[in-house]
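> My questions concern the predicted model and sequence given below.
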Amino acid sequence: MLHTKIVDTKKEKILNSNAEKFIKDSKFGASIYFLGTVRNVNDNKKVTGITYDSHDEMVIKSFEEIYNEADQKLNIKDKAVFIEHAKGHLKLGEISIIIAVACKHRDQAYVLSRYIIEEIKKRSPIWKKEHYENEDSAWLKGNPINNEKD
């Protein structure tokens, strides 16, 4: 089971309750929720917010590929995964990404959650522009898009 979405922050917010509803199932004994939020300092600069941009179709495709690879690389076949990422401006403390996973066992849930976030950071075409206290802003260096498989 997989749910993926890019959330336009002008229209809606990422909600924990949506993730909880999606992954809740009595066949799973372990659930993990990862929330990425906007923090107030990065590289010794005071951050006031972040604007996220993405290539939506490629992001969703990357989420699906990461989910499918978990079958082969992690041997976790029976799972529920909920991934949503924000697009647009976020203030301090707001959720930029939620990854919720449910598996039969806790070790699987921890491994799967960590695998998903690390792969998203490496592969998904999502860019962020930090806004600073002095009213400056800067696009942060990201990873190049790599279409090759390991």
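The structure has been received and is ready for your questions.
> now the helix or strand of the chain with the lowest mean pLDDT, how far from the centre of its chain.
Scoring the helices and strands of the chain by mean pLDDT, DSSP states H and E places strand 137-139 at the bottom, with a mean of 82. Distance of strand 137-139 from its chain centroid, counting by Cα atoms, centre = their mean, to the nearest Å, is 21 Å.
> Let me see the contact set for the residue nearest to Ala70 when sequence neighbours are not counted.
Nearest residue to Ala70 in three dimensions, chain neighbours excluded: Ile76, at 5.3 Å (Cβ to Cβ, 6 or more residues apart in numbering). C-beta: built from backbone N, CA, C; applies to glycine. For Ile76, the contacting residues are Ala70, Cys103, Gln108, Val111, Leu112, by Cβ atoms under 8 Å, 6 or more residues apart in numbering.
> Out of those, which is nearest to Ile50?
Distances from Ile50 to these, taken as Cβ to Cβ, are shortest for Leu112 (26.1 Å).
> For the residue nearest to that closest one when sequence neighbours are not counted, name its beta-bridge partners.
The spatial neighbour of Leu112 that comes closest, neighbours along the chain excluded (Cβ to Cβ, 6+ apart), is Val101 at 4.9 Å. In this structure, Val101 bridges to Ile32, Val81 when assessed by DSSP bridges.
> my guess is Val101 meets Glu20, correct?
No - using Cβ atoms under 8 Å, Val101 makes no contact with Glu20, being 11.9 Å away.
> List the contacts of the residue nearest to the spatial centre of the chain.
Centroid-nearest residue in the chain: Ile97, 4.0 Å away (criterion: Cα atoms, centre = their mean). Applying Cβ under 8 Å, 6+ apart, we find Ile97 in contact with Ile14, Phe34, Leu35, Gly36, Ile83, Glu84, His85, Ala86, Ile117, Ile120.
> For Lys104, which residues are in contact?
Lys27, Phe28, Gly29, Ala30, Asp78 are the contacts of Lys104 under Cβ under 8 Å, 6+ apart.
> Got the phi and psi for it?
phi -70, psi -40 (degrees, to the nearest 10).
> From Lys24, how far out is it?
According to Cβ to Cβ, to the nearest Å, Lys104 stands 14 Å off from Lys24.
> now the helices: where do they sit in this protein?
For the chain, applying DSSP state H gives helices covering 16-23, 56-73, 106-123.
> possible to save those helices as a markdown table with mean neighbour count?
Below are the helices of the chain laid out as a markdown table (neighbours: other Cβ atoms under 10 Å):
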| stretch | mean neighbour count |
| --- | --- |
| helix 16-23 | 16 |
| helix 56-73 | 16 |
| helix 106-123 | 17 |
